[in-house]
Every structure is written in structure tokens, then in C-alpha cells.
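Trainee: model the structure of this input:
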Amino acid sequence: MIILLLLSSLQLWIADGAGTERDRNRDGAGTGSNRSRDGNSSVHTAENEEYRDKAREMFLHAYRGYLEHAYPYDELRPISCSGVSTWGNFSLTLIDSLDTMVIMGLQEEFRDAVQRVLANSDFNVDKNVSVFETNIRVVGGLLSAHLLLQRAGGVEDIPEGWPCTGPLLDMAVDVASRLLPAFATPTGLPYGTTNLRYGVPRGETTVTGVAGCGTYLLEFGLLSRLTGDPSYEHAARRALRSLYNARSTIDLMGNHIDVSSGEWVYREAGIGGNVDSYYEYLLKAGLYFDDLELVRQFKVLYRSVVRYLQHEFWYIWANMFSGMPTIPNVSTLDAFWPSLQVLIGDIAAAKKTLTNFYSLVTHYGFTPEMFSLLNGQLSPGMETYPLRPEFAESLVYMYQATGDQMWRNMGKQIVDSIELSTKTKCGYATVGNVLTHSLEDSMESFFLSETTKYLYLLFSDDHWVFDEEVWDENVTMSLDEEHVCAPNSFGYTFTTEAHPLPKGVLGCCYPKQKVEDHHINKMFKGSAVNEVQHPFSFFTFPLPPVHYPSLPLSYELSTLEDWFLVTVAGSHSHCLQSQAPPPPPAEVHSCKIQPWYARYEVYGAEFNKLVGKKAFRVVDRNS
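Mentor: Next up is the predicted model:
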């Protein structure tokens, strides 16, 4: 498999594929050339390997503590060594950390965890959950684990028909289907909460954060390509389209929006909490699905962010309509931004922002939840550090782009601080105050899904995630004879929860133009009546009175899917506050399918300045 490692003005590809299985070490690092990208001395090499192993031991200590003291609850309380259900009571930490085990070469732990998930997880429960969190942590975790089965080794563990079928994929489809009713709004923007069994609760607020509306296309789009059901991808794209169309005249996005009316509720523009992953998915999904329109939208928004929000390479909050500063605070969540800047080639700006955040690390030992630029102090009530990954994430991107040991040295301080200040007898605890390093009895699942993973990758040379070769020996053409099916090739894109999704799988099951055909054929096959059983087991609905054969396919699907989202899901009065008439037909994105190497032709001119520098592809932030 040929990996797309384009470190250009438009993206870094996390390259997958690294030769055959016999070329790999058990710890997940390929034997390769054992190179040191920055010409490190043997001392640096030894230190990097030491810190890579420390990151893995950090994961194992926390994971074993979770299994022993918290499973099957969602998360571990690392001080009291007990469990707590936080996001839905479906063993969240277990699902969220599956692919981290594959990344770290922990095959036995991975197989055991998969068996636990398959045997004990049940999502048909009367439970209100966050649509956003359930998607990024559960759907993303299940999808990534399903697609990494081949990487985990053990041919006997790979189901027949993989990657287009499999129990983990079935489970991801089940969860995503239970989230889909939240998208049945007049705008296509989803509610923030839904009930896994009954849909959106009566009286649920119509106000949702921007990130909660726009962080679905990577997971939902891939689900559609694997299953042939366009409902998921269409819902995610419709939400993205509505968000972008709601931007201000100066191309800034607010913070919270009313999903029923499309009116802005909180109008502060920023790149941090409740907004961050929207930017990330515009860029990464655009690159992952070869959608240049999404990349263009990110570029438009990026220019305005730099113009109105950037101050000395910090990013503050401003009024979305005037651009005037409103909140001169920076958040630890902002530390993800340099990773997107690396992906679009703005490395000089990324370096300055990362260096700014490192100044906080050297002062406090961690990046505080919020810091005021007005007085140079911690924001009251925001002195915590809940083991967040964003700073380490950007360090990985920056090191892969530059090969400068300096970025790894910054990461060493993060490892040392976490180990010294937060380790408990059964896990790692949230820092309650970065001034005193007092601890709180909490360890969120993203510590295992993201923080330890990024730290491990930061110090890993020759890992298959960064390899440039085709990994699969059995490469096949897809249904339309234009897509190559190489499930673990052509690079990986990391979701906002750091779940790696391989690019090469997109040509295996139902590429874009085959998804709609398959869905329509499945609905109408053998049925002469105007009633269809949708793949969602709890929906049976009549088709709208439209003469489909006389319409072009794009209009037909737009009408059907928009009608489905608003009328079908919305018709359950016990799920939604109100029922709105179907919106006018929305434009369905479609672009000519191109071979993978066309990317070089399209973007090659923009990558000239970065020729020869290796970087990896990620699903979190592209532009």
C-alpha cells in the first residue's frame, strides 16, 4: 500500500502500512531502518525509547486499574479505586481504549477487551446520552477497533467479509442508529442529548454547541462507506452545511446555536471548548474523503480566526459579528490548534503557539484548563488539568513535520509531570489545582484513548502508523474498478478522540457513488408497495410522494434523506418537541472519484516548500 504522506500546505497523512507482518515487532514498531529523523545521538535514541516505554507502562497501569476496580462502569475513580458511570454506563473506558492497545502492540489485552465488549455491551437501554460524546468515544472506538483487527494479528479473529462486516461494525451501526433521531430538526443540526432507546427526550433543549453539531462526518461518513447506507453520512454533511451557512459576515462561528431556528445563542467566537472539533472535522474529513469543498470552507474560517482571534499567537474569544475581543482567556483545549496548522503547512505559526503553551507547562507542570491573558493568572474555578491530550497531540504533529528533538523534549516533561504528580495506586488522577498539584478522584476515558497514545507515538520511531509502504499484500479493486481496497494502507486519519481510521478502507465496500445505489436497491428490492423497512429496526415508514425515476439521482437522494431525517425520525412525538415540515431539497455533495495519486497532482505545487519532510495524516484537523 502506498502511503499518502503529504506534508503540504494541506495536510499531513498518518501513514499506515509498513511491510508485512513478519517485519513488525510485537510492540507495534516496525524493524524498519531504525532511523532517527533528526539525527539524534544514541543518547537521544535511548531516552526516546525509554519515554516511549514509560507511556506504555502508564497506559497499562491505568488500564489494569480500570479493569480491576471500575469495569464494567464507564470510568475509574483513581483515588478511591472505584468505578463510576459518566456517559452512558456501557464500559466507556474499555471501548475508548481498544485501538490504543493495537497502537502499543498489546495484542493479548486487545483480544480480551474485544471479547468483553462483544459479550457484555448492550446499547438498547433507557439512558439519556450525549450525542457528541457517544459518537466520538463509542462509535469511533468501535469503528477503529474493527478496522484494526488485521493489525492486531490473529487471522482467526478476523470475521468473514471484513472490513465490510463484523460484530464490532454491527455494534457501531447500532449505536449510530440510536443517535440519528437527534438530527431530525428543521436545520439538520442535532440535539445535544438523546435517549438510546426512545430518541430525543421531551423538553430537551434546542441549544447545542458548535462542536456538538459538527463532529460526526469522519465516523458517520465511514459507516456509510462500509455499510452502503447513506443516512449517516447525509446527516453529518447536512449538519456541517447548516453550520457553515450560519457563519457571520466576517466568517466567524459562534459558540452555541439553536438547532430548531438556526439562531445563534452564544455569539463568542473562539477555537476552544464547544467549537474546536468542528474546525478539526472540516479539515480532516475534507482530506479523508477527498472533499475539496470542506477544505475550502476550513480555509475561509481559518483566515478569519487568524485575523480576529490571534493575539501574539494565543487565540482569544471575540464577538462573532464584530470581531471585537470579549474574553481574553486561553484554554488548554486550544493546544490542539497547532496540529491543524501543521496539516495546512502553517508551521511557523504552529511553533509559536506550541511554545506559548510550553511556557505554561514549565510554570505549572501542566496546561491549566483556562488562563487569563489580561492578568497573567489562572482563571478562577478553572485551575484544573484533567489529563488532557491536546498539547501532546500537537507535539506529535510538530515532531513528524520537523524532526526536531526539541518537541520530544517538551513531551518528556509532560510524561514526568503526569508520573510524578498524578499517579495513584490504581491509575492517574485529575489535577484539581495546577498551583498546588492537589488531585481529584477522576480519570476520563480520553486519558487512555488519547493522552497515553499520543505520548507513545511522540517517542516512537519506525512505528507502522508512520510507515510509507503498502502494508497489505492482497490489494484488490473495489466495486467500481476505480477504488483500491487496501484496508490498512494509504495512511490513517485520527478522529478528535484519537481513533485512527485508515484511508485505504474507503475503496473496499461501498465507495461514494455505490452507497446510494445499494441503499435504494435494498429498499425497493422485491417490494411493490410504497412502504419500506429501513435498516433501523425501529423505523418503518412510507416513502414520500415523489416520482423518483424522473429525477436525477442526487435530487432523489437529497429529497429522500432530508425527508427521512425530518419526517420519519421527527414523527415520533415522544422523541421530539415539535414536528417541522421537510426543508427544501439540499444539495448533496458529490465529486468525481479520483485515484489516490491524484492528490499529488492537485496539491503538489503547495507542498514544494515541505518536500522531503515526513509527516503523518490525522483525522482531527485539516484545512
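
Trainee: quick check: Tyr308 vs Ser417, distance?
Mentor: Note on Tyr308: its distance to Ser417, by C-beta to C-beta, to the nearest Å, is 33 Å. For every residue, glycine as well, the C-beta is placed using N, CA and C.

Trainee: so between these two, which is more surrounded?
Mentor: Tyr308 (21 against 18; other C-beta atoms under 10 Å).

Trainee: which residues does that one contact?
Mentor: The neighbourhood of Tyr308, defined by C-beta atoms under 8 Å, 6 or more residues apart in numbering, consists of 250, 252, 269, 318, 323.

Trainee: and the residues you listed as JSON lines, adding neighbour count and distance to Thr424?
Mentor: Shown next, in JSON lines, are the contacts of Tyr308 (neighbours: other C-beta atoms under 10 Å; distance: C-beta to C-beta, whole Å):
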{"residue": "Ile250", "neighbour count": "15", "distance to Thr424": "47"}
{"residue": "Leu252", "neighbour count": "23", "distance to Thr424": "42"}
{"residue": "Ala269", "neighbour count": "30", "distance to Thr424": "39"}
{"residue": "Ala318", "neighbour count": "24", "distance to Thr424": "40"}
{"residue": "Gly323", "neighbour count": "16", "distance to Thr424": "45"}
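
Trainee: tabulate those (TSV), appending secondary structure.
Mentor: Converted to TSV, the contacts of Tyr308 look like this (DSSP: H, G, I helix; E, B strand; the rest coil):
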residue	secondary structure
Ile250	coil
Leu252	coil
Ala269	strand
Ala318	strand
Gly323	coil
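
Trainee: centre-most residue in this structure?
Mentor: Centroid-nearest residue in the chain, with C-alpha atoms, centre = their mean: Thr495, separated by 1.9 Å.

Trainee: wait, that one sits on Leu142?
Mentor: No. Counting by C-beta atoms under 8 Å, Thr495 does not reach Leu142; the two are 11.8 Å apart.

Trainee: tell me which helix or strand of the protein sits lowest on mean pLDDT?
Mentor: None of the helices or strands of the chain scores lower by mean pLDDT, DSSP states H and E than strand 540-542, at a mean of 27.

Trainee: for the residue nearest to Asp334 when sequence neighbours are not counted, list the residues it contacts.
Mentor: Counting by C-beta to C-beta, 6 or more residues apart in numbering, Asp334 lies nearest to Gly272, which is 4.9 Å off, once chain neighbours are set aside. Gly272 sits next to 315, 317, 330-331, 333-334 when contact means C-beta under 8 Å, 6+ apart.

Trainee: which ones are touching the residue nearest to His69 when sequence neighbours are not counted?
Mentor: Using C-beta to C-beta, 6+ apart and skipping residues adjacent in sequence, the residue nearest His69 is Cys81, 4.3 Å away. Listed by C-beta under 8 Å, 6+ apart, the contact set of Cys81 reads 65, 69, 424-427.

Trainee: TSV for these, including neighbour count and distance to Thr355?
Mentor: Conversion of the contacts of Cys81 to TSV gives the following (neighbours: other C-beta under 10 Å; distance: C-beta to C-beta, whole Å):
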residue	neighbour count	distance to Thr355
Gly65	21	34
His69	18	39
Thr424	19	32
Lys425	10	36
Cys426	22	35
Gly427	30	31
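
Trainee: pLDDT score for Leu560?
Mentor: We have a pLDDT of 43 for Leu560.

Trainee: what segments of the stretch 151-300 of the chain are helices?
Mentor: All helices of the stretch 151-300 of the chain, identified by DSSP state H, counting those that start in this stretch, fall at 167-179, 210-214, 217-227, 231-245, 276-288, 292-308.

Trainee: just checking, what packs against the fifth one?
Mentor: When contacts are defined as 3 or more C-beta pairs under 8 Å, 6 or more residues apart in numbering; DSSP states H and E, helix 276-288 sits against helix 210-214, helix 217-227, helix 231-245, helix 292-308, helix 337-343, strand 492-494.

Trainee: what angle do that helix and helix 292-308 make?
Mentor: Angle, helix 276-288 to helix 292-308, by axes from the mean of the first three to the mean of the last three C-alpha atoms, to 10 degrees: 140 degrees.

Trainee: output helix 276-288 as PDB, nothing but the C-alphas.
Mentor: What follows is helix 276-288, C-alpha atoms only, in PDB (Å, rounded to 0.1, in the frame of the first residue of the first chain):
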ATOM      1  CA  ASP A 276     -12.700  23.100  18.500                       C
ATOM      2  CA  SER A 277     -13.600  19.800  16.800                       C
ATOM      3  CA  TYR A 278     -15.900  21.500  14.200                       C
ATOM      4  CA  TYR A 279     -12.800  23.100  12.700                       C
ATOM      5  CA  GLU A 280     -11.000  19.800  13.000                       C
ATOM      6  CA  TYR A 281     -13.600  17.800  11.100                       C
ATOM      7  CA  LEU A 282     -13.900  20.300   8.300                       C
ATOM      8  CA  LEU A 283     -10.300  19.900   7.600                       C
ATOM      9  CA  LYS A 284      -9.800  16.200   8.300                       C
ATOM     10  CA  ALA A 285     -13.000  15.000   6.800                       C
ATOM     11  CA  GLY A 286     -12.300  17.100   3.700                       C
ATOM     12  CA  LEU A 287      -8.900  15.400   3.300                       C
ATOM     13  CA  TYR A 288     -10.100  11.900   4.300                       C
END
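
Trainee: and that helix, average pLDDT?
Mentor: For helix 276-288, the mean per-residue pLDDT is 97.

Trainee: got it, and the last one?
Mentor: Helix 292-308 shows an average pLDDT of 97 in the prediction.

Trainee: who's in contact with the following helix or strand past it?
Mentor: Next helix or strand after helix 292-308 toward the C-terminus (DSSP states H and E): strand 310-311. Applying C-beta under 8 Å, 6+ apart, the contact partners of strand 310-311 are 325, 328, 349, 373.

Trainee: restricted to helices, list the residues you listed.
Mentor: Counting by DSSP state H, the part of the contacts of strand 310-311 found in helices is Ala349.
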